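Trainee: one predicted model, sequence on top.
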Amino acid sequence: MIKVKDLKQISESLPNTERMPVMFLGHRSPMNAIEENEFVTGFRNIAQSIPKPSAILCISAHWFINKTAVTAMEIPKQIYDFGGFPQALFDVKYTPKGSLLLVDETINTVNKVKVEKDQNWGLDHGAWTVIKHLYPNADVPVVQMSIDYTQNTAAHFEIAKELQSLRNKGVLIIGSGNIIHNLGLVDFYNLNKDNYGYDWAIEARTIMNN
């Protein structure tokens, strides 16, 4: 016999939809939030080429902690986790709603590890500076998920496989980061020179391009 509690959970689960894509976006500098460049144009074009999601699950490289957690609040706070940038960047406001429904769905979907509800984080710049251009009206709920540094690559791969089912629930999964990401070491005046840079960066780029 199905209990009333079980019926309530079924009615509140995310409905089935056509399969959503998965995105990995290099969020580059936080200045993308206020600049017009090829990256920002690309973000906007991507959003126009896919169905509008019912919610977004964003995994940002900047929430790197010792557990797997999701932001479990009605409106995640906007985090300005950077310094040394103009005031105009700190004046940007982007506060989409969260989705407690997606939080529960994610927790129930992932069995590889325990997924905890977090009330303290929010949307860091790896999330909001990118999603701001995808959905500028902040009309798509966003939940951010942490990266657990205690887990190895294989474990994260297994977690990702479990998250795949959310794509059939109208959820757009976004990975936001960069393959190599240290703005303090970037020589912006020589970005377009061939084979210019640190040996380890050139090696990483060559491997990834192949």
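Mentor: Right, received. Where do you want to start?
Trainee: in this protein, where's the longest strand?
Mentor: strand 55-65 (DSSP state E).
Trainee: following the chain onward from that one, which element is next?
Mentor: strand 68-71 (DSSP states H and E).
Trainee: quick one: the strands in the protein?
Mentor: So, for the chain - with DSSP E - the strands run 22-26, 55-65, 68-71, 77-78, 115-118, 122-123, 142-148, 171-177.
Trainee: just so I know, which of those lies nearest residue 36?
Mentor: Among the strands of the chain, the nearest to residue 36 by CB to CB is strand 22-26 (16.9 Å). C-beta coordinates here come from the backbone N, C-alpha and C atoms, glycine included.
Trainee: show me the shaky parts of the protein.
Mentor: In the predicted model of the chain, residues 1-12, 180-181, 183 satisfy pLDDT under 70.
Trainee: show me the contacts for the most centrally placed residue in it.
Mentor: Among the residues of the chain, the one closest to the centroid is residue 58, at 2.4 Å (CA atoms, centre = their mean). Counting by CB atoms under 8 Å, 6 or more residues apart in numbering, residue 58 makes contact with 123, 126-127, 131, 142-145, 173-176.
Trainee: make TSV from the strands of the chain and add distance to residue 156 to it.
Mentor: Below are the strands of the chain laid out as TSV (distance: least, CB to CB, whole Å):
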stretch	distance to residue 156
strand 22-26	13
strand 55-65	9
strand 68-71	9
strand 77-78	26
strand 115-118	13
strand 122-123	21
strand 142-148	7
strand 171-177	11
